[in-house]
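# What follows is a predicted structure for the sequence shown.
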Amino acid sequence: MLRREDLHKYQEFCVKFLLDHPEALLILEMGLGKTIITLTAILILMYDRFEIGKCLVVSPLRVTKVWCDEAAGWSHTQNLRLSRITGTVRERKAALQKKADIYVINRENLVWLVEFFEDNGMEWPFDMVVLDELSSFKNFKSKRFKAIKKVRPHVKRMIGLTGTPTPQGLEDLFAEVGIIDGFQRFGRFVGRFRDAYFRKGAFNPYTGVVYSYIPLPDAEKRIYDKISDMAISMKSVDYLDMPECVYVDHAVEMDAGESEIYEEMQKDLVVELNGETITSQNAAVLSNKLMQMASGCLYTEDGGIVHIHDRKLEMLSDLIEQANGQNVLVVYHFRFDHDRIRNYLKELAYEPRDIKTDDDIDDWNAGKIQVGMISPVSAGHGLNLQRGGHIEIWVTLPWSYDYYSQTVARLWRQGVTADTVTIHHIICKDTVDLDVVEALKRKSTTQENLIAAVKANLEKGVFR
């Protein structure tokens, strides 16, 4: 069992920062130990300084277990009492009634929690709140954001944890910083925030609706200067003896007939396959359709699936075979990816298994799953999978750098025993896949860049 003395110096520095700042934004790359840092600070605030009574942690669903496991894995935090507010309404109510120090709830149930206290005429009991994966609160119009904003005046200490504070751009910081500091640094009005740091990008000249905002030349520096007193940022490679992470692209290619179908879609925004007519109304929808085709299938207007090719599945099976029995984590994007991968690999005598439940995670880390499958949307944040393998294969890459970087960090993080972590990308040549790769390299994931990439290639008449 790990001890307080085992904390790294940078972790102790972060603990002190949280103790000294009632409103704090901890921007730590994956693997730097945000959870144990925060648990240590909570322990001191609760039992040494007596400054807080109850703490609420809001996290992705699967990460709720990580908080409990992490507390139990350190000698100085093992006696903290944690209660997970998950499951059915009855189970959530029972978890709330337990006597605990820290209550951990998945972000999907946050609205229910706030309404539960309101509807029963009860005061908000948590004087400290931790928002794990703060980027989940970047949308100030979302229900979860409005819920936490409603109780924010009753919270003495507010901590935001994230590795990617601006996954979609600097605009995200308005809501993220605002909910932590009570809208002190950037004010309460997003319009004024935009006026101060951005200029209008794409907009409709007839309605005046603005679709995107472009940061002013000095916006990034001014924004980060504004939050420098409440935020601390660190990178994994600067503080950890991390293994090498190698990225390998594997090109596959459609045949002439398949390429012709693809080119017809990107050129005319409409294609007919097997009697089914599939249309694309705008560049963003077109990009999604082209990604589907690059992966091997296409959804029809009524939700059906049209098969195009198996090139990525063939490459995937080759990569698994080359692993020579080593465990492999396969990352899929579309639902049809999931089903096709399972069926294809089963025909080759593999037994792919979804990494969804706590038992799945435990079995993966115990080395019992040769081929694990995850989606970056549902499993990209917080899961510790580094003990089960060091090979990750992306069948389809996402536009979101947040999803991508967080999913890579499921394996490439502190605690991995291999000398090298290998991230494989299966890329379909002469398709939108290449634009996604370039966007990820630039850490550029805004909708504007997505649309710009599609439009640029449409104007050239080809996608790459």
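Perfect, I can see it now.
# Show me where the stretch 201-350 of the chain dips below the pLDDT cut-off.
Residue ranges of the stretch 201-350 of the chain with pLDDT under 70: 235-241, 268-284.
# quick one: the strands in the stretch 101-250 of the chain?
For the stretch 101-250 of the chain, applying DSSP state E, counting those that start in this stretch gives strands covering 102-106, 128-132, 157-162, 198-200, 213-215, 231-234, 244-252.
# mind checking which of these is nearest Gly53?
Among those, strand 128-132 comes nearest to Gly53, with 8.4 Å by C-beta to C-beta. Glycine gets a C-beta too; all of them are placed from N, C-alpha and C.
# Which strands border the closest one, and is each parallel or antiparallel?
Next to strand 128-132 in the sheet, as set by DSSP bridges, lie strand 55-59 (parallel), strand 157-162 (parallel).
# buried sites along the last one?
By neighbour count on 16 or more other C-beta atoms under 10 Å, the buried set for strand 157-162 is 157-162.
# next one: stretch 126-140
Buried residues in stretch 126-140 (16+ other C-beta under 10 Å): 126-138, 140.
# Ends of it, what's the gap?
22 Å (C-alpha to C-alpha, to the nearest Å).
# again, but for stretch 134-143
Between the opening and closing residues of stretch 134-143 lies a distance of 15 Å (C-alpha to C-alpha).
# got the contact list for it?
Stretch 134-143 has contacts (C-beta atoms under 8 Å, 6 or more residues apart in numbering) with 25, 60, 107, 111, 131, 144-145, 148, 160-162, 164-165, 167-168, 172, 174-176, 178-180, 190, 402.
# Where does Leu290 sit, in terms of helix or strand?
Counting by DSSP states H and E, the element that carries Leu290 is helix 283-295.
# Direction included, what does the next helix or strand after that helix pair up with?
Once the chain leaves helix 283-295, the next helix or strand it forms, by DSSP H and E, is strand 297-299. As defined by DSSP bridges, the strand partners of strand 297-299 come to strand 305-307 (antiparallel).
# Go through the strand it pairs with and flag the buried ones.
Buried residues in strand 305-307, counted by 16+ other C-beta under 10 Å: 305-306.
# to the chain's geometric centre, what's the distance from it?
Distance of strand 305-307 from its chain centroid, counting by C-alpha atoms, centre = their mean, to the nearest Å, is 29 Å.
# cool, stretch 197-214 as well?
In terms of C-alpha atoms, centre = their mean, the centre of stretch 197-214 is found 27 Å from the chain centre.
# From start to finish, how long is that stretch in a straight line?
Its start and end residues considered, stretch 197-214 measures 9 Å (C-alpha to C-alpha).
# Equivalent analysis for stretch 300-320, please.
Rule used - C-alpha to C-alpha; the end-to-end distance of stretch 300-320 is 31 Å.
# Next: stretch 191-203.
15 Å.
# follow-up on the earlier one: switch the strands of the stretch 101-250 of the chain over to CSV; also include distance to Cys428.
Putting these into CSV (distance: least, C-beta to C-beta, whole Å) gives the following:
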stretch, distance to Cys428
strand 102-106, 35
strand 128-132, 35
strand 157-162, 32
strand 198-200, 35
strand 213-215, 31
strand 231-234, 36
strand 244-252, 5
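# check contacts around the nearest residue to Val155 once chain neighbours are set aside.
Nearest residue to Val155 in three dimensions, chain neighbours excluded: Val129, at 5.0 Å (C-beta to C-beta, 6 or more residues apart in numbering). Neighbour list for Val129: 55-58, 148, 151, 155, 157-159 [criterion: C-beta under 8 Å, 6+ apart].
# same deal with Phe198?
170-171, 213-216, 219.
# So Val210 sits against Asp195, correct?
No - Val210 lies out of contact with Asp195 (C-beta atoms under 8 Å); the separation is 11.6 Å.
# Of the buried residues of stretch 126-140, which is the nearest to Glu253?
Ser135 (35.6 Å).
# What segments of the stretch 201-350 of the chain are helices?
Assigned by DSSP state H, counting those that start in this stretch, the stretch 201-350 of the chain shows helices spanning 219-227, 236-239, 256-268, 283-295, 311-322, 335-347.
# mind checking which of those helices is nearest Thr88?
helix 335-347 (25.8 Å).
# for the record, mean pLDDT for the next helix or strand after that closest one?
The helix or strand immediately downstream of helix 335-347 is strand 353-354, counting by DSSP H and E. Taken as a whole, strand 353-354 has a mean pLDDT of 92.
# Tell me the buried residues in the next helix or strand after strand 353-354?
Tracing the chain C-terminally past strand 353-354 and defining elements by DSSP H and E, one meets helix 358-365 next. Buried residues in helix 358-365, defined by neighbour count with 16+ other C-beta under 10 Å: 360-361, 363-365.
# Kindly report the same for stretch 424-432.
Across stretch 424-432, burial judged by 16+ other C-beta under 10 Å covers 424-428, 430-432.
# Which pair of those spans the longest distance?
Pairwise distances across those peak at 19.8 Å for His424 and Asp430 (criterion: C-beta to C-beta).
# where's the one residue sitting closest to the centre of the chain, which helix or strand?
Centroid-nearest residue in the chain: Tyr403, 4.1 Å away (criterion: C-alpha atoms, centre = their mean). Using DSSP H and E, Tyr403 sits within helix 401-408.
# picking up where we left off before, can you redo the strands paired with strand 128-132 as a markdown table with distance to Lys226 and mean pLDDT?
Formatted as a markdown table, the strands paired with strand 128-132 follow (distance: least, C-beta to C-beta, whole Å; pLDDT from 0 to 100):
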| stretch | distance to Lys226 | mean pLDDT |
| --- | --- | --- |
| strand 55-59 | 24 | 97 |
| strand 157-162 | 15 | 94 |
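# Which residues are in contact with Tyr247?
By C-beta under 8 Å, 6+ apart, the contact set of Tyr247 is 423, 425.
# quick one: it from Asp435, how far?
Tyr247 sits 17 Å away from Asp435, going by C-beta to C-beta, to the nearest Å.
# Would you map out the domains in the protein?
Split into domains by automatic domain parsing, the chain comes to 4-236, 244-460.
# gap between Gln97 and Gly121?
Gln97 is 17 Å from Gly121, by C-beta to C-beta.
# what's the answer for Asn343, then?
With C-beta to C-beta as the criterion, Asn343 and Gly121 are 53 Å apart.
# between those two, which one's more packed in?
A direct count of neighbours by other C-beta atoms under 10 Å for Asn343 and Gly121 places Asn343 higher, at 11 against 6.
# surely the residue nearest to the centre of the chain meets Ser378?
No - the pair Tyr403 and Ser378 does not pass the contact test of C-beta under 8 Å, sitting 10.0 Å apart.
# Who are the packing partners of the helix holding Tyr403?
Other elements packing on helix 401-408 under the criterion 3 or more C-beta pairs under 8 Å, 6 or more residues apart in numbering; DSSP states H and E are helix 376-379, helix 433-441.
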